[in-house]
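Enquirer: this is the structure alone, sequence omitted:
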């Protein structure tokens, strides 16, 4: 079994050591107690309630799935509204479906709307294990339905909708793309940053030892929390684990990037290859020497800046009215 703590980009190692989590650090076994500690820990990048220059925010509650509670969303808009209807994106935060909140991506989305003029809807989906599948995807899809139905009122072009997210948020974005295909909601893009796609951990990388950032054991625990009694069975639906979907035809064009030392490496590359085989336009980048969440650990590292530039460019092509084309 490969030790994925070896060969990590030096700047990433330095940043992780500064955060007190050097690669190869032996972690306590995942448990509900550890999960509570993770949730109670202060965020690495504290939430700023003041929007960044060029961005506005609005907090709303929208209807959830039938029988489910209402869903909190945050709408990010450019401070200067574009002259024509904007593109819209629904965004989902990371955290393994068990931790974090939409606050973690607020600054990222402020920058996105200020740069492109798009409107972004960020969804505060329910977390597992308190709310297992299908709570997170139901809440996330409610956000997409809201943007689709309220596009005109929000100044959004309903024919230019996208979904995206980091890690577990990439899972939810990919699952929303599957549900959108079923529901007849057209999407122009799905933006999947090192997405968490497969509960089965069948690939070599998903079983690597010494994983930095998101260990194999923690990944298994997160899937157990999310899937409950479904975990380990053949009954897990693709809306929970998109890699299980057999038919990928007709899905929105996708962007995927992942580190070469990420436990999700092979499942992400496989998903990209299967999208391409199904005729879905796909842009894929694999960054050598980078573990899961590298850009959060070290956003200013050269490798992180290079990856972010590629990601931003892909989003800009879809969401920026000045450069939009099909």
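Expert: Cool, the structure landed. Owing to the predicted nature of the structure, the values given are computational and were not obtained by experimental measurement.

Enquirer: how about the strands in this structure?
Expert: Using DSSP state E, the strands of the chain run over 55-62, 71-78, 86-92, 119-124, 156-166, 189-193, 254-259, 282-287.

Enquirer: now those strands in TSV, with mean neighbour count and distance to residue 225?
Expert: No exception for glycine: its C-beta is placed from N, CA and C like everyone else's. Output for the strands of the chain, formatted as TSV (neighbours: other CB atoms under 10 Å; distance: least, CB to CB, whole Å):
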stretch	mean neighbour count	distance to residue 225
strand 55-62	14	25
strand 71-78	22	20
strand 86-92	28	17
strand 119-124	26	18
strand 156-166	24	18
strand 189-193	27	21
strand 254-259	27	23
strand 282-287	18	28
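
Enquirer: redo those as TSV? Include distance to residue 15 and mean pLDDT.
Expert: Shown next, in TSV, are the strands of the chain (distance: least, CB to CB, whole Å; pLDDT from 0 to 100):
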stretch	distance to residue 15	mean pLDDT
strand 55-62	26	98
strand 71-78	27	98
strand 86-92	24	98
strand 119-124	25	98
strand 156-166	17	98
strand 189-193	18	98
strand 254-259	14	98
strand 282-287	15	98
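
Enquirer: any idea which of these gets closest to residue 199?
Expert: Closest of those to residue 199 is strand 189-193, at 16.2 Å (criterion: CB to CB).

Enquirer: note down every partner strand of the closest one and its orientation.
Expert: strand 156-166 (parallel), strand 254-259 (parallel) (DSSP bridges).

Enquirer: what does the last one contact?
Expert: Defining contact as CB atoms under 8 Å, 6 or more residues apart in numbering, one finds that strand 254-259 is touched by 170, 177, 189-195, 264-265, 268-269, 271-272, 275, 280-292, 294, 307, 310-311, 314-315.

Enquirer: start and end of stretch 219-234, how far apart?
Expert: Terminal residues of stretch 219-234 lie 18 Å apart, using CA to CA, to the nearest Å.

Enquirer: centre of the chain to stretch 280-291, how far?
Expert: Between the centre of stretch 280-291 and the centre of its chain there are 14 Å (CA atoms, centre = their mean, to the nearest Å).

Enquirer: now stretch 181-193
Expert: 14 Å.

Enquirer: now the lengthiest helix in the chain: buried residues?
Expert: Counting residues, the longest helix in the chain under DSSP state H turns out to be helix 302-319. Residues of helix 302-319 classed as buried by neighbour count (16 or more other CB atoms under 10 Å): 303, 304, 307, 311, 314, 315, 316, 318, 319.

Enquirer: now, which of these sits nearest residue 28?
Expert: residue 304 (27.6 Å).

Enquirer: what sits against the closest one?
Expert: Contacts of residue 304 (CB under 8 Å, 6+ apart): 11, 12, 290, 294, 295, 298.

Enquirer: residue 216 contacts residue 264, doesn't it?
Expert: No. Judged on CB atoms under 8 Å, residue 216 makes no contact with residue 264 at a distance of 10.8 Å.
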